[in-house]
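# predicted model and sequence below, questions to follow.
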Amino acid sequence: MTLDKNFLWGGATAANQAEGGVLEGGRGLSNVDLLPTGPDRKKVAAGELEMLEWKEGYYYPAKVAIDMYQHYMEDIQLFAEMGFKVYRMSLSWSRIFPNGDEEEPNEAGLLFYETIFKELRKHTIEPLVTIAHFDVPVHLIKEYGGWRNRRLVDFYAHYAETVIKRYKGLVKYWLTINEINILLHQPFVGGGIVFKEGDNKQEIKYQAAHHQLVASALATKIAHEVDHENKVGCMLAGGSHYPYTCRPEDYQEAINRDREGYFFIDVQARGKYPNYALKKFEREGLTIQMESGDKDILAASPVDFVTFSYYCSRTVSANPEDYAQATGNLFPSIKNDYLPSTEWGWQIDPLGLRNSLNQLYDRYQKPLFIVENGLGAVDSPDKNGYVEDDYRIDYLKKHIQSFKDAVEIDGVELLGYTTWGCIDLVAASTGQMSKRYGFIYVDRDDEGKGTLKRSKKKSFDWYKKVIASNGDSL
Ligand code: BG6
């Protein structure tokens with residue numbers, strides 16, 4: 001088996017990290033607009049520091065981001081030039097429903113994306129649309145407490161129904177919630193949750209997870225009802241966990257950590273809670289409120305395909321002392337001496353991608369889609385904005401070879417591949433612009449200075465050839 005001739009090659013971005021124009025066209029404020037750069041970012045992202053409006057003394061990179069709001073047409077032109085077959089993007093929830101709880105959507109917001117989808121189709125680029133990528137309207141946080149509140153299920157379902165109906169015929173591939181397992185690690189980013197004193201954090205996170213899982217199943221149901229051509233996917237922050245040693249306890253730890261993420265996908269792909277999760281709730285005394293129809297909703301609408309992001313693998317141990325040498329990852333991970341690291345401490349592991357693909361395919365037996373992968377690195381452009389990013393080409397080449405092996409040697413069913421940040425954008429974890437992933441350089445720095453001018457890097461022409469040869473020329 002080789003890569004299918006219809007294999008979907010392309011790139012990915014998200015509204016909150018690229019669009020900017022946060023108050024343009026009637027848009028409301030969203031959680032991610034309120035993530036500052038600097039040391040407080042982590043606390044805000046974790047829901048430990050309340051930041052529900054812009055405050056003096058902070059810099060908020062999402063306000064302008066790379067101003068795709070104004071540059072979309074130019075950027076799509078460049079994606080088309082690279083030969084993209086697919087472009088993964090997200091809708092900004094608060095552009096469609098500025099507060100989140102309105103009955104009527106914001107027409108200007110709907111029209112904005114309609115124009116984009118038409119432009120993509122003009123270039124025969126298939127849109128792959130994430131309904132919520134780290135995105136909760138701030139009003140829903142202030143008024144209802146974010147996804148901890150059951151009401152969010154209805155607000156999200158109404159939003160999903162609105163966009164799925166409106167873009168019928170323009171959008172066929174939908175992802176319900178980006179990196180749904182991030183909710184456990186960054187509850188404000190993943191679920192608009194700000195903790196209050198006395199909160200049972202674990203219970204709140206899993207309650208919010210239940211709401212998101214039900215909402216995701218409802219969106220899947222709606223998409224199938226609106227158009228039987230629609231395909232809906234779930235989305236995991238992927239990358240498997242390795243045991244630090246072959247001690248059985250370390251292996252068990254690795255299994256447990258993998259399950260923290262699989263938990264979500266198990267429900268979304270199989271339509272029911274896995275036993276290990278129900279046992280965990282029981283063991284830890286977590287009371288998760290579920291309504292009587294929820295089981296049926298989950299069972300009735302499993303996703304059609306499974307997507308994930310892959311940047312690195314992680315290494316874990318049962319012994320807390322082993323974490324003395326932790327890496328700069330969002331997930332706790334010990335440094336793996338067999339792997340090199342990026343400048344941000346993410347461990348580069350191309351074979352880990354093939355292994356992850358196999359694990360996911362063994363587990364779900366559904367088509368897979370790698371919707372994020374890439375190297376965040378510091379680029380040094382010449383005076384024309386050209387970057388000799390051989391390091392990026394090298395990273396991508398190895399990862400593409402690895403997924404080709406998974407398809408050609410192991411027989412994994414893979415629909416497509418979208419590299420993360422195909423155009424430079426704001427980093428989710430740090431808010432930096434200097435952590436760049438793109439084939440296209442954007443002149444903007446960590447303090448918001450720069451012309452926003454776009455220019456092609458060396459990897460631009462390289463990726464164009466990769467796509468044109470359907471992955472034969474790496
Ligand atoms: C994933 C997210 O976590 O990884 C993206 O879905 C994010 O939004 C990407 O940008 C890379 O992480 P970072 O922190 O380097 O931007």
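All right, it came through fine.

# quick one: contacts for the nearest residue to G261 once chain neighbours are set aside?
Closest residue to G261 apart from its sequence neighbours, by Cβ to Cβ, 6 or more residues apart in numbering: N181 at 4.2 Å. C-beta: built from backbone N, CA, C; applies to glycine. Each residue near N181 by Cβ atoms under 8 Å, 6 or more residues apart in numbering is listed here: L236, A237, E260, G261, F263, F264.

# quick one: distance of the one helix or strand the third one maps to to the chain centre.
Think E260. Taking DSSP states H and E as the criterion, E260 maps to helix 248-270. Taking Cα atoms, centre = their mean, to the nearest Å, the mean C-alpha location of helix 248-270 is offset from the chain mean by 19 Å.

# how close does the nearest residue to L218 once chain neighbours are set aside get to F112?
Once flanking residues are discounted, L218 sits nearest to A157: 4.4 Å by Cβ to Cβ, 6+ apart. To F112, A157 is 22 Å away according to Cβ to Cβ, to the nearest Å.

# neighbour count: these two, which is higher?
Neighbours around A157 and F112, counted as other Cβ atoms under 10 Å, are more numerous at F112. The numbers are 22 against 18.

# what bridges to the residue of the stretch 201-350 of the chain found nearest the ligand?
Closest contact between the stretch 201-350 of the chain and the ligand, by Cβ to the nearest ligand atom, is at S309 (5.0 Å). Beta bridges link S309 to A237, E372, judged by DSSP bridges.

# who touches the one helix or strand E161 maps to?
Here E161, judged by DSSP H and E, is contained in helix 151-166. Residues outside helix 151-166 that contact it (Cβ under 8 Å, 6+ apart) are 91, 93, 96-97, 100-101, 103, 105, 110, 113-114, 129, 131-132, 136, 140, 144, 146, 171, 174, 176, 211-212, 214-215, 218-219, 222-223, 226-227, 230.

# tell me which residues of that helix come out buried.
Applying a neighbour-count criterion of 16 or more other Cβ atoms under 10 Å, one finds 152-153, 155-164, 166 buried in helix 151-166.

# where does the stretch 251-400 of the chain get nearest to the ligand, residue-wise?
Closest point on the stretch 251-400 of the chain to the ligand, by Cβ to the nearest ligand atom, is G376, at 4.3 Å.

# from the ligand, how far out is the residue nearest to that residue when sequence neighbours are not counted?
Using Cβ to Cβ, 6+ apart and skipping residues adjacent in sequence, the residue nearest G376 is K435, 4.1 Å away. K435 sits 5 Å away from the ligand, going by Cβ to the nearest ligand atom, to the nearest Å.

# you'd agree K435 is up against W346?
No: with contact defined as Cβ atoms under 8 Å, K435 does not count as touching W346 (10.1 Å).

# run a quick neighbour tally on the closest residue to the ligand within the chain.
For the chain and the ligand, the shortest gap (Cβ to the nearest ligand atom) falls at S429, measuring 3.1 Å. Close neighbours of S429, defined as other Cβ under 10 Å, add up to 18.

# surely it is in a strand?
No: according to DSSP: H, G, I helix; E, B strand; the rest coil, S429 belongs to no strand; its state is coil.

# how close does the residue nearest to L218 get to Q289?
18 Å.

# quick check, distance from stretch 367-387 to the centre of its chain.
For stretch 367-387, the distance to the chain centre is 16 Å (Cα atoms, centre = their mean).

# what do you get for stretch 447-456?
Between the centre of stretch 447-456 and the centre of its chain there are 24 Å (Cα atoms, centre = their mean).

# same deal with stretch 217-237?
For stretch 217-237, the distance to the chain centre is 17 Å (Cα atoms, centre = their mean).

# what comes up buried for it?
Counting neighbours by 16+ other Cβ under 10 Å, stretch 217-237 gives 217-224, 226-227, 230-237 as buried.

# inside helices: which ones of those?
A217, L218, A219, T220, K221, I222, A223, H224, V226 (DSSP state H).

# Serialize those residues to TSV and add fields for distance to N256.
TSV is the format used below for those (distance: Cβ to Cβ, whole Å):
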residue	distance to N256
A217	25
L218	30
A219	29
T220	28
K221	31
I222	34
A223	33
H224	34
V226	38
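
# can you tell me which of these is nearest S317?
A217 (35.4 Å; Cβ to Cβ).

# quick check: that closest one touching S301?
Yes: between A217 and S301 there is a contact at 4.5 Å, judged by Cβ under 8 Å.

# need the residues touching each of the two.
G271.

# alpha carbons only: can I get the helix or strand that the helix holding E161 is followed by in PDB?
Downstream of helix 151-166, the first helix or strand assigned by DSSP H and E is strand 173-177. Extracted C-alpha coordinates of strand 173-177, given in PDB (Å, rounded to 0.1, in the frame of the first residue of the first chain):
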ATOM      1  CA  TYR A 173     -14.500  17.700   7.100                       C
ATOM      2  CA  TRP A 174     -15.200  18.800  10.700                       C
ATOM      3  CA  LEU A 175     -13.300  18.500  13.900                       C
ATOM      4  CA  THR A 176     -15.300  19.000  17.000                       C
ATOM      5  CA  ILE A 177     -12.800  20.100  19.700                       C
END
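
# okay, the angle between strand 173-177 and helix 151-166?
Here strand 173-177 runs at an angle of 170 degrees relative to helix 151-166 (axes from the mean of the first three to the mean of the last three Cα atoms, to 10 degrees).

# count of residues packed around S301?
When neighbours are counted by other Cβ under 10 Å, S301 registers 22.

# circling back: can you spell out which helices and strands pack onto the helix holding E260?
helix 201-226, strand 231-237, strand 241-243, helix 275-284, strand 305-309, strand 314-316, helix 350-364 (3 or more Cβ pairs under 8 Å, 6 or more residues apart in numbering; DSSP states H and E).
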